[in-house]
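S.K.: Predicted model and sequence below, questions to follow.
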Amino acid sequence: MRNRGITVLSSPLVLRGLRELPQNSRWSVKQAFAEPRTNLAISRNGHIAAYSPASRELSQRVEISDAELSGDAKSILVPDEPFVARPDFPAAFAWDPTGSLLAAASGTWHPELHLLNARTGEFAGRFGAFRVYPAHLCWSDSGKYFTASSDGSEHAKLALWMAADSPERFEPLCEMDRASAAAQPSADDDSQENSFFGYGAVAFRQDEKLLAVPLEHDGDWSDDSLLLVRVPTLEITERFETNGQVTQLSWRNDRRTLIFCASGQAYSLDTASGEVNSLPFAAEMCQCHPSLPLCAFYNSWLKNSAAGRIFIADLQGNKMIDECHAQGIADIRWSSDGRTLYCVTQDGVAYLFDCPAS
């Protein structure tokens, strides 16, 4: 009888094999980085920003990897910030539309926003001192505006800047705080004011005249509200109630419909009529395609399975057109031209979807 051997392949080798084997699907998989990262963000050109793992220098660094190309990651030193060897410390990143600038904030750094130049690999400086750590950072589609929003405190706020290529040139425009939330429509009672918990992740409409932001309320079972806010005055124009906590939101390419996820369910909001509809998808993350009526979703849990999935949905027919099983997705992003969807897990696995032309 012939001896039978058992071959054990490491995770990176398996992922490389998946990417190199002929595939009928439009999905490909690779290992973008080796060590797990709790917080990360993907740019529109597929670059991944995350904190570097511990090194001998014991200095704080931000590491930039490529979701498509293999190779050594680029590290940017953040001066005057002590290294904190904890995988769970709070952190937030946001790429500008060109993928040149990276804004970052950390609960262990100086209480200011940090700006890094990804092309030169240099730390550009600090701006925007804050009292409550801003967990949500966002650039508008053209890069004209930048926002930072915070939650978890009665002192939380949403701040808006006219963006620039250096921190000294960022121009503060307006802020929303607890008083702004209490003065909005439908929030004229004491219970709404006293339950203020802050502002969630912001989504700019494509024309940059309006943004959507969740207004969070205190309590484990509290429902968020969705605010539509004018830019650059931050004047609240509309308020819509949701079922549960809003985890992500994205404007559809028609500039009228807002797709959002709340408590594991996907919804659409027609901002013209005010109609909110539940979509036939369970999801915690969503990103609308820049030019087609498509949306990428991530659902962390499937019925009768411990695995989750990334899937692409046609928003005109409300039907799923493609999917890929995945776990632990930390961020999803369409490329600027809409040809590629980038999805990255906390363990460094990158899932890429080749979008059809129509």
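M.R.: It's in.
S.K.: who touches Ser100 in this structure?
M.R.: 117-119, 165 (Cβ atoms under 8 Å, 6 or more residues apart in numbering). All C-beta spots, glycine's among them, are computed from the backbone N, C-alpha and C.
S.K.: now these as TSV including distance to Ser150, neighbour count and secondary structure?
M.R.: Putting the contacts of Ser100 into TSV (distance: Cβ to Cβ, whole Å; neighbours: other Cβ atoms under 10 Å; DSSP: H, G, I helix; E, B strand; the rest coil) gives the following:
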residue	distance to Ser150	neighbour count	secondary structure
Asn117	25	16	strand
Ala118	24	22	coil
Arg119	29	10	coil
Asp165	25	15	coil
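S.K.: Same list (the residues you listed) but as JSON lines, adding pLDDT.
M.R.: Output for those, formatted as JSON lines (pLDDT from 0 to 100):
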{"residue": "Asn117", "pLDDT": "96"}
{"residue": "Ala118", "pLDDT": "94"}
{"residue": "Arg119", "pLDDT": "93"}
{"residue": "Asp165", "pLDDT": "93"}
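S.K.: which pair in these spans the largest distance?
M.R.: Ala118 and Asp165 (12.1 Å; Cβ to Cβ).
S.K.: So for those two, which residues contact both of them?
M.R.: Common neighbours of Ala118 and Asp165 (Cβ under 8 Å, 6+ apart) are 100-101.
S.K.: just to revisit the earlier point, for Ala148, state which of the contacts of Ser100 is nearest.
M.R.: For the contacts of Ser100, the nearest to Ala148 is Asp165 (17.6 Å; Cβ to Cβ).
S.K.: Now the closest one. Nearest residue, chain neighbours left out?
M.R.: In space, Asp165 comes closest to Leu101 once its chain neighbours are excluded; the distance is 6.8 Å by Cβ to Cβ, 6 or more residues apart in numbering.
S.K.: Quick check: nearest residue in space to Ser70, chain neighbours excluded?
M.R.: Nearest one to Ser70, counting by Cβ to Cβ, 6+ apart, is Lys30 at 7.2 Å.
S.K.: what packs against the strand or helix carrying that neighbour?
M.R.: For Lys30, the element it lies in under DSSP states H and E is strand 27-31. Judged by 3 or more Cβ pairs under 8 Å, 6 or more residues apart in numbering; DSSP states H and E, the packing partners of strand 27-31 are helix 11-20, strand 349-354.
S.K.: What's the mean pLDDT across it?
M.R.: If you average the pLDDT over strand 27-31, you get 94.
S.K.: Direction included, what does it pair up with?
M.R.: Looking at strand 27-31 with DSSP bridges, its partner strands are strand 349-354 (antiparallel).
S.K.: Distance from the chain centre to the partner strand, please.
M.R.: 16 Å (Cα atoms, centre = their mean, to the nearest Å).
S.K.: Pairing partners for Leu341 in the sheet, please.
M.R.: Trp334, Phe353.
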